[in-house]
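Novice: Have a look at this prediction, sequence included:
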Amino acid sequence: MPTQKPAAPAAPTRATAPPAAADPAPVHRVGLLDVQGGDAALSAPVVSFRRREGRMRGDVIRVLLADDHAVVRAGLKAVLGSAKDIEVVGEAKNGREAVDAALRLDPDVIVMDLSMDEMSGAEATRELMSRGSTAHVLILTMHTEEEALVPLLELGVSGYLVKNAADRELVDAVRMVAAGEPFLQAAAARALAKELRRRDARSGEREQFEKLSERERAILKSIAQGYSAPEIGEKLNISAKTVDTYKQRIQEKIGLKHRHDYVRFAIRLKLLDE
């Protein structure tokens with residue numbers, strides 16, 4: 001019986017090429033965010049794209065370091081050097097140099113020491129804002145200073161980092177502020193909440209103070225400054241008994257009774273500085 005030849009393998013067929021897909025929207029990596037290109041993404045508030053020399057600003061985060069200690073700048077540069085998406089483009093050893101370098105280099109992020117010679121980090125930030133700089137400022141400091149934190153944020157800084165955490169958190173902090181997100185460590189966030197509560201309390205006390213008459217305000221300040229009723233009366237050309245009457249009105253309006261109450265109230269509202 002004749003043997004049957006095995007069937008020849010079928011000729012390979014040419015696979016039909018899939019239709020050419022439209023070029024995907026470019027992805028611009030900014031820190032931890034992948035932002036799809038296109039009109040919708042470009043209008044997103046999380047990051048501001050600006051063209052620089054024919055490339056998207058978000059490709060690499062350009063950083064200026066400002067600190068009055070060379071060894072600190074070297075350490076910060078080494079930490080940032082571990083990130084491929086971050087480039088240190090300049091350094092400054094004081095606030096004045098930071099302003100000049102920022103206006104010349106136009107970095108995305110300025111890592112700014114708070115305490116520097118010639119011009120502090122806060123003063124440098126204020127000048128940069130007044131001169132139209134759009135760089136994001138990340139403040140570096142030795143301690144979380146509650147009273148300094150709120151004014152800095154109101155000034156326009158984007159983040160606040162304690163130096164002893166820089167080796168662990170600096171890269172993420174730079175990425176976050178470059179992407180338009182505020183960066184606050186847990187301790188700074190707690191300090192911010194505490195200071196805002198204080199401000200709310202002071203705001204309420206300021207409203208109380210504004211409800212007093214001009215004469216009542218003058219007597220309140222005088223009592224806080226340590227003057228006795230006869231001394232206040234002599235200064236305001238009224239009797240000591242009338243001063244006591246005003247004190248009673250102050251107590252009824254805002255609850256101040258003892259001299260230490262007056263002193264604390266005046267200190268909180270900074271009345272003794274006026």
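Specialist: Right, received. Where do you want to start?

Novice: Next up, phi/psi of residue 89, please.
Specialist: Recorded main-chain torsions at residue 89 are phi -100, psi -10, according to degrees, to the nearest 10.

Novice: so who does it touch?
Specialist: Residues counted as contacts of residue 89 (Cβ atoms under 8 Å, 6 or more residues apart in numbering) are 62, 63, 64, 105, 107. Just so you know, the C-beta spots here come from the backbone N, C-alpha and C atoms, and that holds for glycine as well.

Novice: Tell me which helix or strand residue 248 sits in.
Specialist: Assessed by DSSP states H and E, residue 248 sits inside helix 240-254.

Novice: CA atoms only: put that helix into CSV for me.
Specialist: What follows is helix 240-254 as a C-alpha-only set of coordinates in CSV (Å, rounded to 0.1, in the frame of the first residue of the first chain):
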residue,chain,number,x,y,z
ALA,A,240,-10.4,107.0,89.7
LYS,A,241,-14.0,106.1,90.4
THR,A,242,-14.8,106.6,86.7
VAL,A,243,-11.9,104.4,85.8
ASP,A,244,-13.5,101.7,88.0
THR,A,245,-16.8,102.2,86.2
TYR,A,246,-15.0,101.6,82.8
LYS,A,247,-13.3,98.5,84.2
GLN,A,248,-16.8,97.1,85.1
ARG,A,249,-18.0,97.8,81.6
ILE,A,250,-14.9,96.0,80.2
GLN,A,251,-15.6,93.0,82.4
GLU,A,252,-19.2,92.9,81.2
LYS,A,253,-18.3,93.1,77.6
ILE,A,254,-15.2,90.8,77.2
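
Novice: Now do it, average pLDDT.
Specialist: The average pLDDT within helix 240-254 is 94.

Novice: Same question for stretch 206-218.
Specialist: Averaged over stretch 206-218, pLDDT sits at 92.

Novice: Residue 151 is in contact with residue 120, isn't it?
Specialist: No. Taking contacts as Cβ atoms under 8 Å, residue 151 lies outside contact range of residue 120: 11.9 Å.

Novice: more neighbours, those two?
Specialist: Applying other Cβ atoms under 10 Å to residue 151 and residue 120 shows that residue 120 carries more neighbours, namely 16 against 12.

Novice: Show the pLDDT at the more buried one.
Specialist: 91.

Novice: In contact with it, which residues are there?
Specialist: 95, 114.

Novice: follow-up on the earlier one: if we take the contacts of residue 89, which one ends up nearest to residue 232?
Specialist: residue 64 (55.5 Å; Cβ to Cβ).

Novice: can you give me phi and psi for the closest one?
Specialist: The phi/psi pair for residue 64 (degrees, to the nearest 10) reads phi -110, psi 130.

Novice: which residues touch it?
Specialist: Going by Cβ under 8 Å, 6+ apart, residue 64 touches 88-92, 98, 101-102, 105, 107, 109-111, 135.

Novice: at 6 Å what do you get?
Specialist: 90, 101, 102, 107, 110 (Cβ atoms under 6 Å, 6 or more residues apart in numbering).

Novice: Phi and psi next, for the fourth one.
Specialist: This means residue 107. The phi/psi pair for residue 107 (degrees, to the nearest 10) is phi -70, psi 160.

Novice: Pretty sure it sits against residue 135.
Specialist: Yes. Counting by Cβ atoms under 6 Å, residue 107 touches residue 135, with 5.3 Å between them.

Novice: Cool, thanks, signing off.
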